[in-house]
Each structure stands twice: as C-alpha cells, then as structure tokens.
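Visitor: Below are the sequence and a predicted model; questions follow.
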Amino acid sequence: MKMELIDRTMRGVLICLLAAGLPALAQNSSQQRPSTRPAPSQPAGKPQHGGQKPAGRPGGGHGGQPPKPNPAPTPLPQPPSRPVPKPLPQPPPKPGPRPPAHRPPQWGRPPAVRPPYHFRPNDWAYLHRYYSRNLIYINRSTRPVFVVGGFFPYTYIQYITPLPPNVYSYLPPPPPGYRMGYCQGYVVVYDPVTYYIVNVINLLQ
C-alpha cells in the first residue's frame with residue numbers, strides 16, 4: 001500500500017511539472033520559427049531594390065498630386081489700330097457729247113414761284129474748306145457755267161450730289177420745294193422740276 005501511494009504521488013508531481021513547462025516550451029518554439037509575414041512595403045518616393053522607382057499614383061503628379069494644368073499663353077499686345085484714312089473722292093465721269101435721252105419734260109421752263117435765296121458771307125469759306133479735295137479734280141476749261149436765274153444744264157443733271165446732312169444743316173434752309181446740291185465746284189439751290197437756279201456759289205472763284 002505504501003508503494004502504491006508513493007507511485008501516485010510521483011505521477012501527480014510529474015503531471016504538474018509537465019503542465020507548468022509546456023507553455024514555456026511552446027513560446028520558445030514559436031520564437032525560433034522564421035516569420036512568414038511579408039516585409040512591410042517601403043514608403044513612396046524611395047527606390048526599391050534594383051534601382052526602380054515605385055509607380056506613381058493615378059494622376060502622375062509628384063507625391064501623388066494631380067498635375068497642374070499649363071497656364072494659357074499670354075496674348076501678345078497688339079499695336080494700336082490707326083484710323084483708316086478716307087479715300088479721296090473720285091472725279092465724276094465726263095458727260096458724253098450727246099445729251100441724255102431722259103431729258104426732263106419741264107426742263108428750261110420758268111417755275112411759277114421763284115423765291116429768293118441768299119448765302120451768308122462765311123458760307124463760301126465753309127463750303128470751300130469742305131469740298132477742297134474735290135476741287136483738284138475739276139477741269140476748269142470744260143466745266144459748265146451756272147448762273148443765278150438760269151437753268152441747270154441737263155447734261156449734268158445726273159452728276160448732282162445732295163449735300164451731306166452736316167453741310168445742309170449749316171446752310172440756311174432752301175425755299176419750300178427747292179433743293180441744294182453740289183456739282184463741278186458749284187453749290188446750287190435749284191428747282192427739282194424745272195432745274196431753275198435760285199442761287200449758286202462758285203467754289204473756284
């Protein structure tokens with residue numbers, strides 16, 4: 001009986017020793033085993049083994065930032081535009097030797113009413129300054145003669161040009177039913193039906 005009791009006691013002690021030593025043995029074995037976890041990735045921007053740089057993030061910028069758009073080119077300063085000079089007036093075509101076929105039916109007949117019209121003393125200088133560029137094209141030897149109380153030559157009727165608004169408003173208004181026009185260096189106040197000349201200024205005098 002005594003030997004059986006000793007044998008049971010020894011078994012209990014061995015079991016206690018094994019229970020206390022197993023956790024320490026398992027910890028040592030786990031420390032000796034090689035780690036199978038993958039190595040942590042290197043930070044972006046540093047070259048990996050082999051001299052290759054890591055691929056950038058989507059966007060292609062430094063440090064993963066999107067690329068900055070190129071600034072729009074600055075337009076070159078344009079030189080100031082110069083005013084386009086007005087073209088010189090072209091001389092009117094010379095009337096042919098034959099009179100036009102559309103001769104006014106009332107031409108040359110004195111009008112029933114012939115009101116007076118008078119230019120002012122400074123009107124000649126104003127009109128001469130305005131039409132100065134046109135006067136250089138006039139042939140003095142072939143230009144017609146306009147006189148007060150006469151009639152506008154019907155061969156030149158097609159070359160009458162009305163006065164511009166600023167010139168028309170500068171001069172005294174014509175009598176009712178009459179017109180003012182320019183032709184061959186003359187500013188004429190005339191009747192548009194009979195072409196009777198009430199008054200005229202010769203800018204070449």
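Guide: Yep, that arrived.
Visitor: rest of the way, CA atoms for contacts and neighbours
Guide: Fine.
Visitor: So which residues of this protein form strands?
Guide: Using DSSP state E, the strands assigned to the chain run over residues 161-162, 179-183, 186-190, 197-202.
Visitor: a markdown table for these, including mean pLDDT and mean neighbour count?
Guide: Shown next, in a markdown table, are the strands of the chain (pLDDT from 0 to 100; neighbours: other Cα atoms under 10 Å):
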| stretch | mean pLDDT | mean neighbour count |
| --- | --- | --- |
| strand 161-162 | 94 | 14 |
| strand 179-183 | 95 | 19 |
| strand 186-190 | 95 | 24 |
| strand 197-202 | 95 | 21 |
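Visitor: Make CSV from those and add distance to N134 to it.
Guide: Output for those, formatted as CSV (distance: least, Cα to Cα, whole Å):
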stretch, distance to N134
strand 161-162, 12
strand 179-183, 10
strand 186-190, 11
strand 197-202, 13
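Visitor: how about those strands, which one is nearest P116?
Guide: Taking Cα to Cα, strand 197-202 is the member of these nearest to P116, at 6.5 Å.
Visitor: relative orientation of that closest one and strand 186-190 in degrees?
Guide: Put simply, strand 197-202 runs at 170 degrees to strand 186-190, going by axes from the mean of the first three to the mean of the last three Cα atoms, to 10 degrees.
Visitor: Can you list the low-confidence ranges for this protein?
Guide: Applying pLDDT under 70 to the chain picks out residues 1-7, 13, 16-73, 75-105.
Visitor: between the strands of the chain, which gets nearest to R114?
Guide: strand 197-202 (7.1 Å).
Visitor: For this structure, which segments count as helices?
Guide: Applying DSSP state H to the chain gives helices spanning 2-32, 123-130, 132-135, 165-170.
Visitor: From Y137, how far out is N122?
Guide: As judged by Cα to Cα, to the nearest Å, N122 and Y137 stand 24 Å apart.
Visitor: who's more crowded, those two?
Guide: Comparing N122 with Y137 by other Cα atoms under 10 Å, the one with more neighbours is Y137, at 14 against 9.
Visitor: Can you tell me how far that one is from L203?
Guide: Here the distance between Y137 and L203 works out to 13 Å (Cα to Cα).
Visitor: Over to G149?
Guide: Distance, G149 to L203, using Cα to Cα: 18 Å.
Visitor: now swap in P175 and tell me
Guide: P175 is 22 Å from L203, where distance means Cα to Cα.
Visitor: repeat for Y195
Guide: According to Cα to Cα, Y195 and L203 sit 20 Å apart.
Visitor: between these two, who's got more neighbours?
Guide: Per other Cα under 10 Å, whichever of Y195 and L203 has more neighbours is Y195, with 24 against 17.
Visitor: residues contacting that one?
Guide: Going by Cα atoms under 8 Å, 6 or more residues apart in numbering, Y195 touches 107-108, 151-152.
Visitor: Ok, Q106 next?
Guide: Shown in contact with Q106 (Cα under 8 Å, 6+ apart): 193-194.
Visitor: please redo it, this time with the cut-off set to 10 Å
Guide: Applying Cα atoms under 10 Å, 6 or more residues apart in numbering, we find Q106 in contact with 192-195.
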